[in-house]
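Undergrad: Fold the following for me, if possible:
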Amino acid sequence: MRNSHIDALRGAAILCVLVLHFALAYGLKNSPLEVLPSWLLRAAYQGNYGVTMFFVISGYLITSTSLRRWGDLARIDLAAFYAYRIARLLPALLLALSIIVLPGVLDVPFFANSDGGKNLPASYFVIAIASVLTFWHNVLMQSAGYFNYCLNVYWSLSVEEMFYLLLPLSCRVLRQRHWIMLLCGAAIIAGPVYRSLHADNEIYFMYGYLACFDAIAIGCLTALLTQHRQPAARTGRFLRWTAGLALAALYVRGIGGHEVFGFTWIAVASAAFIAGATAGQAAGLGRPGPLQWLGRHSYELYLFHIIVLAGMRNVVDKAGLGYAERLPWLALFLAATALAAALVARYVSDPANAALRRRFRGAATAAPACAGDSAGTAP
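TA: Numbering: from 1, shown residues only. Below is the predicted model:
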């Protein structure tokens, strides 16, 4: 059963990312929004905090799902874990990459490898796509910089999937719960240390593995700590409200000047909200609202919003939008992104995920049967 509170938090996180990328592309000044206080307009540019919230949610969900499926992290079925990740992530990702590469090789602006003043050839797509599919695109960006408007957004996928490449292996090696928790603690300590050493370069302090693993580890710890003990309903409500207010305050305060511990506090507040969301049995009930819908389609929104935005930037650039047009253009961006995400989820992600999982389960059940037949006929 889905948790509507966690879906809402995830929906708020992806909305922060969407607003950030629109604001970077078109700005929010010279529009009716300029009547808002400057500190509130600046908040639109703190969307990387939304990514941190995503990392915490992801760490919690992956760990709690693994605990329900296998009972203990030491008993994770490696083949099943990786197969489920592939089934969920790969179909929509391959579609997104294909859509980016086709206009990219034709040198269409915002799809080609020419972002940030770069002029890399179309052949560079080989290494760029390989880096996305093998989870080191963030490392490539540390040497190449911002070179592709669409692809560079996928740095966070590299961080997340590298963590999940290592997580089940670490759990199978360490086995004991307290050792797994200590490993998470080490990642949490390493995060601000790494960011403090690279606070002058955002590609490092925001996109590096060690810069982000702490948030995912905080989510993992939250799942472990709430596995057998959830807060009471009143305590859960208090946690959600307090954490929600803390997230809002930290978000408005911004990243600038808080490069080292700002992400840590966002992660801690997100974890507190999630812990509060585990209270009671009614969290998954009720009709989902707009934030819950965004949360349930967050992966498709993440993959395809930048493609929608790149297409829109080829139609009208920042200078071409007048005062009265900027807000409708933002609304069109959000609506087109939501439509793309809904279509991809319905016709690509969901059916492909289900089909691949059925195929894996069929192979997994067939293998023991074959092994049993062989053992039975052995002398």
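Undergrad: so who does the closest residue to Ala272 other than its chain neighbours touch?
TA: In space, and not counting its chain neighbours, Ala272 is closest to Ala243: 3.9 Å by Cβ to Cβ, 6 or more residues apart in numbering. The way it works is simple: take the backbone N, C-alpha and C, and place the C-beta from them, glycine included. By Cβ atoms under 8 Å, 6 or more residues apart in numbering, the contact set of Ala243 is 269-270, 272-273, 276.
Undergrad: Among the residues you listed, name the least confidently predicted one.
TA: The member of those with the lowest pLDDT is Gly276, at 94.
Undergrad: so Ala342 makes contact with Leu301?
TA: No: contact criterion Cβ atoms under 8 Å: Ala342 and Leu301 do not qualify, at 9.5 Å.
Undergrad: Could you tell me which ranges of the stretch 201-350 of the chain sit under the pLDDT cut-off?
TA: 281-287 (pLDDT under 70).
Undergrad: all helices of it, in order?
TA: 202-205, 209-225, 233-253, 262-277, 290-296, 298-315, 326-344, 350-377 (DSSP state H, counting those that start in this stretch).
Undergrad: Would you mind giving the ones you listed as JSON lines with distance to Leu95 added?
TA: Formatted as JSON lines, these follow (distance: least, Cβ to Cβ, whole Å):
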{"stretch": "helix 202-205", "distance to Leu95": "27"}
{"stretch": "helix 209-225", "distance to Leu95": "25"}
{"stretch": "helix 233-253", "distance to Leu95": "32"}
{"stretch": "helix 262-277", "distance to Leu95": "29"}
{"stretch": "helix 290-296", "distance to Leu95": "19"}
{"stretch": "helix 298-315", "distance to Leu95": "8"}
{"stretch": "helix 326-344", "distance to Leu95": "7"}
{"stretch": "helix 350-377", "distance to Leu95": "9"}
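Undergrad: Ok, which of those comes nearest Phe125?
TA: Phe125 lies closest to helix 298-315 among the helices of the stretch 201-350 of the chain, at 14.8 Å (Cβ to Cβ).
Undergrad: rewinding a little: tell me the one of the contacts of Ala243 nearest Ile216?
TA: Using Cβ to Cβ, those come closest to Ile216 at Ser270, 11.1 Å.
Undergrad: what helix or strand does the residue nearest the centre of the chain sit in?
TA: The chain has Phe54 as the residue nearest its centroid, 4.8 Å off, counting by Cα atoms, centre = their mean. In the assignment (DSSP states H and E), Phe54 maps to helix 48-70.
Undergrad: Would you indicate which residues of that helix are buried?
TA: By neighbour count with 16 or more other Cβ atoms under 10 Å, helix 48-70 contains the buried residues 48-64, 66-67, 70.
Undergrad: check contacts around the residue lying closest to Ile189 once chain neighbours are set aside.
TA: Using Cβ to Cβ, 6+ apart and skipping residues adjacent in sequence, the residue nearest Ile189 is Asp214, 7.8 Å away. Taking Cβ under 8 Å, 6+ apart, we find Asp214 in contact with 187-192, 263-264, 267.
Undergrad: go on, His5?
TA: 240, 273, 276-277, 283.
Undergrad: Can you say which two of these are spatially most distant?
TA: Within the contacts of His5, Phe273 and Ala283 form the most distant pair, 11.8 Å apart (Cβ to Cβ).
Undergrad: From the neighbour counts alone, determine which of those two ranks first.
TA: When neighbours are counted by other Cβ atoms under 10 Å, Phe273 and Ala283 differ, and Phe273 comes out ahead with 27 against 21.
Undergrad: so who does the more buried one touch?
TA: 5, 9, 239-240, 243-244, 247.
Undergrad: rerun that using 10 Å as the cut-off
TA: When contacts are counted by Cβ atoms under 10 Å, 6 or more residues apart in numbering, Phe273 touches 5-6, 8-9, 12, 53, 56-57, 222, 236, 239-244, 246-247.
Undergrad: Can you select the buried ones from the residues you listed in PyMOL?
TA: Selection of the buried residues among those in PyMOL, burial being defined by 16+ other Cβ under 10 Å:
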select buried, resi 5+6+8+9+12+53+56+57+222+236+239+240+243+244+246+247
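Undergrad: which SSE is Leu182 in?
TA: helix 177-197.
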